[in-house]
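**Q** predicted model follows, preceded by the sequence.
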Amino acid sequence: MKDYEKNGVLSLEDLRLPSKKQLEKGVAILECVQEIPCNPCVDSCPVNAISMKDINAVPVNDFDRCIGCGKCVGLCPGLAIFVVKIKDGKASIMLPYEFLPVPIVGEKVHVLDRNGKACGNGLVKRVVKIGKTMVVTVEVDEKLAMDVRNIRV
Amino acid sequence: MRVDGVPNVRTCIVPLREGINVYIQDKLADLPDAKFVGKPKKKIETDVFVVGAGPAGMCAAIESAEHGARVLIVDENQCVGGQLIKQTHKFFGSKQENAGTRGVVIAKELEQKLRELEKRGKVKIMTDSTVIGYYEGDKRHRFGVVERLSDYSSILYEVECNSVIVACGAMENMLLFPGNDLPSVYGAGAVQTLMNVYGVKPGNKVVMVGAGNVGLIVSYQLLQAGIDVDRVVEAAPVIGGYNVHAAKLCRCGVPIQTSHSIKEVYGKDGVEGAVVVGLDEKWQPIPGSEEKVECDTICLAVGLTPAIRLLSQIGVETEFVPEAGGYVALHDDSMQTTVKGVYVAGDSSGIEEASTAMIEGKIAGLSAAIMLGHKSKENKKLLEQYCEELKKLRAGPFGEKPRAAKKKIASFMEKKR
């Protein structure tokens, strides 16, 4: 039995992760590991990077093809997709955010890991609505690239 | 409760108005006087009668009407939409099933379709109306329906139809523990109604019981409403709902404790806290693992039971199918029960979720229209297409339970033949 089946928290071992080079370009990380009947991410991708064998399969992102646009971040019904880009020692993380108040660009926020534990501060770089979901891009230290998955405004 | 002198009013579902008098009714009411029942009975004749305007019922009504049937759809709530109107999360599935759209938006889209059909005289929609029973009819099916009016009085309708589609959903399960009768011990559906329909904050600090999709989703919605969720406890050793829902909660800092349950809830006039206990692999409480958790609300998301009372009264064959959530009406692939012209769809036919309920509704609606004589090659093909969609949605590991349920139902059907 995997830990996430017991406590809900995914670990990096559960995920397919991009290479350093792919991260420098900025790619979508699909934190969707179970076979559930759902495929909007496939339809949302403008470059056909995300594929699925059938509607119940786990989606796979072709990191080389992915352009990190973040459309899938806003359209994933499970809020399970994050675009991570690393540049000059900083990581920018694009995440779906369904709470009020919506942060504003330039705001400093607490950043949280997959356990909801605060693990530092981040700077809000971009706030957009994709589909009907707010998508926030937050900049953090490069070290936190694979940990930060939520913010507290 | 007694409202403006009218007894037996379910104040939990009846709108409040300025200046009304609401009294606790501490004894049985007198049989209402002539003024209350004095309105003459009305009669409605229709081809297809849909009971329940949730996802399954609405889809059934639309499908039947679009294929030539005259449809009457009733719901006991003030508005149509069923559970959809409180589902603020985005739906899964594929494009055909409105994937990525929030439930509340799907409800609006379906209502709009129904209203358009109503304008064209194909559908009649009755809200605030409860089906009170099935009655002797000659050749056609006959039901009694009570419509509640704004002055808290009601009108009795006699509904005669060729086909009926029963889509009245399910009831929330209760859990046995000391203190489960304290105020602020809620079902998850009730909490969702308070928050998302009425805009009422149910409490300040909640312990959620059950980590299926309902428990996980409602916990997240509680957080969105600004309410603290202390934890989610789940008696099973694994989380039953989707990991994506669990992960959303976890990254907000809400712990999910599997192999844990609630031992008791304490408080004087309401919930003041709960005792959470760890369970061993035989689901038995582990002595010494008790933990006191201060909270003011307990939310139970421990499964649902199909609502089949009307179907039982009609006389359809039912069987106990644990994977379907309890007793269910036996039905075939066209959603027809063992009584001709009586169909079932959605949670009433076995507990599942809204995407499959909508397709089942379409299947039942189309089948009913076909039975009425709207037979064609296209309709047959469409029916096959819906059945295929349903099969696809149930194909994954999370479809195991409904697959097993439907298989058992089919084999029971086989035996009855």
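**A** Noted; the coordinates are in hand.
**Q** show me where chain A has helices.
**A** A:3-7, A:20-25, A:40-44, A:71-75 (DSSP state H).
**Q** B:Tyr327 sits in which helix or strand?
**A** Using DSSP states H and E, B:Tyr327 maps to strand B:326-329.
**Q** pLDDT of that strand, averaged?
**A** Strand B:326-329 comes out with an average pLDDT of 97.
**Q** who's in contact with the following helix or strand past that strand?
**A** Scanning forward in sequence from strand B:326-329 by DSSP H and E, the next helix or strand is strand B:342-344. Identification of contacts with strand B:342-344 by C-beta atoms under 8 Å, 6 or more residues apart in numbering or on different chains yields B:60, B:141, B:163-167, B:311, B:314, B:316, B:328-329, B:331, B:334-337, B:364, B:367-368. Placement of C-beta: from N, CA and C, glycine included.
**Q** on the three-state scheme, the residue lying closest to B:His245 once chain neighbours are set aside is what?
**A** Spatially, and ignoring its direct neighbours in sequence, B:His245 is nearest to B:Leu216 (3.9 Å; C-beta to C-beta, 6 or more residues apart in numbering or on different chains). Using DSSP: H, G, I helix; E, B strand; the rest coil, the three-state assignment for B:Leu216 comes out as helix.
**Q** you'd agree B:Leu216 is up against B:Ala247?
**A** No: counting by C-beta atoms under 8 Å, B:Leu216 sits too far from B:Ala247 to count as a contact (9.4 Å).
**Q** give me the more crowded residue out of those two.
**A** Using other C-beta atoms under 10 Å in any protein chain shown, the more surrounded residue of B:Leu216 and B:Ala247 is B:Leu216, with 32 against 26.
**Q** hang on, the earlier thing: pLDDT score assigned to the residue nearest to B:His245?
**A** Taking B:Leu216 on its own, its pLDDT is 98.
**Q** quick one: contacts for it?
**A** So B:Leu216 contacts B:232, B:239, B:241-242, B:245-246, B:248-249, B:256 (C-beta under 8 Å, 6+ apart).
**Q** state the pair within those residues that is farthest apart.
**A** B:Val232 and B:Tyr242 (13.6 Å; C-beta to C-beta).
**Q** isn't B:Ser184 up against B:Lys205?
**A** No: B:Ser184 lies out of contact with B:Lys205 (C-beta under 8 Å); the separation is 10.5 Å.
**Q** between the two, what contacts are shared?
**A** Between them, B:Ser184 and B:Lys205 share the contacting residues B:296-297, judged by C-beta under 8 Å, 6+ apart.
**Q** between those two, who's got more neighbours?
**A** B:Ser184 (19 against 16).
**Q** which strand runs longest in chain B?
**A** strand B:154-166 (DSSP state E).
**Q** sheet partners, orientation included, of it?
**A** strand B:42-51 (parallel), strand B:141-148 (antiparallel), strand B:342-344 (parallel) (DSSP bridges).
**Q** which SS state does the residue of the stretch 251-400 of chain B found nearest chain A fall under?
**A** Nearest residue of the stretch 251-400 of chain B to chain A (C-beta to the nearest C-beta) works out as B:Gly253 at 2.7 Å. Following three-state DSSP, the label given to B:Gly253 is coil.
**Q** and the closest residue in space to it that isn't next to it in sequence, how many residues sit next to it?
**A** In space, and not counting its chain neighbours, B:Gly253 is closest to A:Gly116: 2.7 Å by C-beta to C-beta, 6+ apart. Neighbour count of A:Gly116, defined by other C-beta under 10 Å: 17.
**Q** quick one: A:Gly116 and B:Ala247 touch, right?
**A** No: A:Gly116 lies out of contact with B:Ala247 (C-beta under 8 Å); the separation is 10.3 Å.
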